[in-house]
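Trainee: Could you look at this predicted model? Sequence included:
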Amino acid sequence: MALARERGLPLEARDFVAGGAHPIEPASGRLGVLMVGLGAVASTFVAGVELVRRGHARPIGSLTQMGTIRLGRRTDERVRLIRDFVPLADLDQLTFGAWDPFPDNAYQAALRCGVLDRHTHIEPVASELAELEPMSAAFDREHVRRLDGPNVKASMGKRELVEAIRADIRDFRESRACDRLIMIWCASTEVYLEEADVHRDLESFERAVDADDPRIAPSMLYACAALMEGVPFVNGAPNLTVDIPALVDLACEHGLPVCGKDFKTGQTLVKTVIAPMLKARMLGLHGWYSTNILGNRDGEVLDDPDSFRTKEETKLGVLERILQPALYPELYGDVYHKVRINYYPPRGDSKEGWDNVDLFGWLGYPMQIKVDFLCRDSILAAPLVLDLVLFTDLAQRAGMHGIQEWLSFYFKSPQHAPSVYPEHDLFIQQTKLKNTLRWLMGEDQITHLGREYYADDWSTAR
Ligand SMILES: NC(=O)c1ccc[n+]([C@@H]2O[C@H](COP(=O)([O-])OP(=O)(O)OC[C@H]3O[C@@H](n4cnc5c(N)ncnc54)[C@H](O)[C@@H]3O)[C@@H](O)[C@H]2O)c1
């Protein structure tokens, strides 16, 4: 690099990336999707996949099913569907399993959660949903205080729980004849836990499991069991779970991908589009007030201040990372950022997210942006579950182990290497994801430099 600089040679991103396609195992056989939690997100996801398989609905919101990718120069006009470009498992290859402390099968869960219209979207796939019965959960009220269900594993130590989950995984793999599995956390948000010495390396973690240490949450037991069984792990909630050095080490030791945390769906999705816009235009920010009303079980769990604190951390971190106040103290050095979640049962899954943004422009004149996003939580989250399952399976077959930062696109608080800060800007995340797919398939990176389209005109003009 230094030599190139000395000689005045311009370098492009592609000069830092090894060319050529990477070997990827074929996506053949059955892919088992093991969901921890069979609530609103999980049941909406499974019902959706079943409906799409039958041609009764479209997979709207899913990049793997509907997205395209440009290859080569703009003038080449090579645009492919992502699912035709990279070898992804097909929806017909998916088979589902779940754990939940409530014994409702996916049909009952879908009815209870009230996300989907019963006659249009639940009854046509009722038998498939009813077949999905949850296995007994590794559940601890100390970690999710607002719930108490009967379908839990008998009282036992944490080591025995890990072994019981491992046995569930093996039984599922065998009974469904799965070639590969992915585990995804679609369960409730656990109470706030800070990374501690017991999480820092595998040896301390194992000792803490054996000692029933309260800092080892149920989600960590599921993740540990998955990794020990050779199953990649995805975390859709803000809990620490697999975002601790001990479990990242375990994933690397077993050559498995992991990613998280917290599906980026409603308000934070909008925030990670508006905040980069403010920064791109050097518009200042006085304050950002975000509030939500929602009435589903997730909202009930988040009504517990300790579970909310876990969520609050991931929701608050976003602005500071995007706006970089240390670099722009005049614009972002004194921002008042508040996030609220209010449990309001009448709304069910139809969340309302309000944002009030107090910004300032030229000569300091104040302005405001108001956003009122009348969204549906699980409708936004379900396609993310599908994409994460398919992309994590791709990563596994391509031998990409450890943290999958290229999947940051899907998370509020992307898991990242300790040496770098997380990338929150939605469109940088999208570029990262698509460039990773190009890199995997041996295609050129798209740098958006674009000089090549103008070089001829310049030389003739001169
Ligand atoms: N829907 C969204 O837009 C969105 C966005 C980001 C994150 N999330 C997160 O995704 C998760 C699922 O959301 P949801 O709306 O489906 O919630 P939900 O309450 O409908 O479902 C969660 C399920 O997990 C079960 N559960 C709790 N602890 C468990 C354990 N130890 N083992 C197995 N099951 C357990 C609960 O009984 C419940 O049925 C939540 O943590 C939520 O914060 C959702």
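Mentor: It's in.
Trainee: which SSE is V371 in?
Mentor: Using DSSP states H and E, V371 falls within strand 366-374.
Trainee: for that strand, what is the average pLDDT?
Mentor: Taken as a whole, strand 366-374 carries a mean pLDDT of 97.
Trainee: Ok, stretch 202-209 next?
Mentor: When pLDDT is averaged over stretch 202-209, the result is 97.
Trainee: Name the surrounding residues that touch that stretch.
Mentor: 158-159, 162, 197-199, 215-216, 220-221, 224, 244, 246-247, 249-250, 253 (C-beta atoms under 8 Å, 6 or more residues apart in numbering). Using the backbone N, CA and C atoms, a C-beta is placed for each residue, glycine as well.
Trainee: again, only using 10 Å
Mentor: 157-162, 196-199, 201, 213-216, 220-221, 224, 244-250, 253 (C-beta atoms under 10 Å, 6 or more residues apart in numbering).
Trainee: Can you tell me which of those residues are buried?
Mentor: 158, 160-162, 198-199, 215-216, 220-221, 224, 244, 246-250 (16 or more other C-beta atoms under 10 Å).
Trainee: now, which of the residues you listed lie within helices?
Mentor: 158, 160-162, 220-221, 224, 246-250 (DSSP state H).
Trainee: could I get those as JSON lines with distance to D355 and pLDDT?
Mentor: Shown next, in JSON lines, are these (distance: C-beta to C-beta, whole Å; pLDDT from 0 to 100):
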{"residue": "K158", "distance to D355": "40", "pLDDT": "95"}
{"residue": "E160", "distance to D355": "46", "pLDDT": "95"}
{"residue": "L161", "distance to D355": "40", "pLDDT": "96"}
{"residue": "V162", "distance to D355": "41", "pLDDT": "97"}
{"residue": "M220", "distance to D355": "33", "pLDDT": "97"}
{"residue": "L221", "distance to D355": "36", "pLDDT": "97"}
{"residue": "C224", "distance to D355": "38", "pLDDT": "98"}
{"residue": "A246", "distance to D355": "37", "pLDDT": "97"}
{"residue": "L247", "distance to D355": "34", "pLDDT": "97"}
{"residue": "V248", "distance to D355": "33", "pLDDT": "97"}
{"residue": "D249", "distance to D355": "39", "pLDDT": "97"}
{"residue": "L250", "distance to D355": "39", "pLDDT": "97"}
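Trainee: Now for the closest residue to R166 other than its chain neighbours: which residues touch it?
Mentor: The shortest distance from R166 to any non-neighbouring residue, by C-beta to C-beta, 6 or more residues apart in numbering, is to A225 (4.7 Å). Neighbouring residues of A225 by C-beta under 10 Å, 6+ apart: 138, 161-169, 183, 231, 233.
Trainee: touching the ligand at all, the strand holding V371?
Mentor: No: using C-beta under 6 Å from any ligand atom, strand 366-374 stays clear of the ligand, coming no nearer than 11.4 Å.
Trainee: That strand pairs with which strands, parallel or anti?
Mentor: Using DSSP bridges, strand 366-374 pairs in its sheet with strand 352-360 (antiparallel).
Trainee: Could you give me the buried positions within the strand it pairs with?
Mentor: 352-355, 357-359.
Trainee: Closest to the ligand out of the residues you listed?
Mentor: G353 (10.2 Å; C-beta to the nearest ligand atom).
Trainee: how much space between R30 and L88?
Mentor: R30 is 14 Å from L88, where distance means C-beta to C-beta, to the nearest Å.
Trainee: neighbour-wise, which of these two wins?
Mentor: L88 (21 against 16; other C-beta atoms under 10 Å).
Trainee: surely E50 meets E128?
Mentor: Yes: with contact defined as C-beta atoms under 10 Å, E50 reaches E128; the gap is 4.9 Å.
Trainee: shared neighbours of the two, anything?
Mentor: By C-beta under 10 Å, 6+ apart, the residues touching both E50 and E128 are 96, 106.
Trainee: Those two: which is more packed in?
Mentor: E50 (23 against 18).
Trainee: what ranges do the strands span in the stretch 101-250 of the chain?
Mentor: 180-185, 233-235 (DSSP state E, counting those that start in this stretch).
Trainee: Wondering if the last one reaches the ligand at all.
Mentor: No: contact between strand 233-235 and the ligand, assessed by C-beta under 6 Å from any ligand atom, is absent, since the two come no nearer than 9.4 Å.
Trainee: in its sheet, what does that strand sit against?
Mentor: strand 180-185 (parallel), strand 257-259 (parallel).
Trainee: gap between the first one and the chain center?
Mentor: Here strand 180-185 is found 13 Å from its chain centre; the criterion is C-alpha atoms, centre = their mean, to the nearest Å.
Trainee: and if you look at the last one?
Mentor: Mean C-alpha position of strand 257-259 versus that of the full chain (C-alpha atoms, centre = their mean) differs by 10 Å.
Trainee: Could you check the pLDDT of R309?
Mentor: 79.
Trainee: now R145
Mentor: Looking at R145, the pLDDT reads 82.
Trainee: Nearest residue to it in space, ignoring adjacent ones along the chain?
Mentor: Spatial nearest neighbour of R145, chain neighbours left out: D304 (4.9 Å); criterion: C-beta to C-beta, 6+ apart.
Trainee: likewise D306?
Mentor: Nearest one to D306, counting by C-beta to C-beta, 6+ apart, is V191 at 3.7 Å.
Trainee: Same question for V52.
Mentor: For V52, ignoring the flanking residues on the chain, the nearest one in space by C-beta to C-beta, 6+ apart is P59 at 4.9 Å.
Trainee: Could you pull up phi and psi at that neighbour?
Mentor: phi -80, psi 60 (degrees, to the nearest 10).
Trainee: That one contacts I379, correct?
Mentor: No: between P59 and I379 there is no contact under C-beta under 10 Å: 11.9 Å.
Trainee: which residues are in contact with both of the two?
Mentor: With C-beta under 10 Å, 6+ apart as the test, P59 and I379 both reach G48.
Trainee: where do the helices sit along the stretch 251-400 of the chain?
Mentor: 267-280, 297-302, 305-323, 329-332, 377-397 (DSSP state H, counting those that start in this stretch).
Trainee: Outline the domain layout of the protein.
Mentor: Domain assignment of the chain by automatic domain parsing yields the ranges 31-263+378-440, 278-374.
Trainee: tell me, which of the ones you listed is the model least confident about?
Mentor: Looking at the domains of the chain, the bottom one is domain 278-374 with a mean of 90.
Trainee: starting at the chain centroid, how far to that one?
Mentor: 19 Å.
Trainee: got the ones in helices among the buried ones among the contacts of stretch 202-209 as JSON lines, with distance to L390 columns?
Mentor: JSON lines is the format used below for those (distance: C-beta to C-beta, whole Å):
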{"residue": "K158", "distance to L390": "32"}
{"residue": "E160", "distance to L390": "33"}
{"residue": "L161", "distance to L390": "29"}
{"residue": "V162", "distance to L390": "27"}
{"residue": "M220", "distance to L390": "25"}
{"residue": "L221", "distance to L390": "26"}
{"residue": "C224", "distance to L390": "24"}
{"residue": "A246", "distance to L390": "27"}
{"residue": "L247", "distance to L390": "22"}
{"residue": "V248", "distance to L390": "22"}
{"residue": "D249", "distance to L390": "26"}
{"residue": "L250", "distance to L390": "23"}
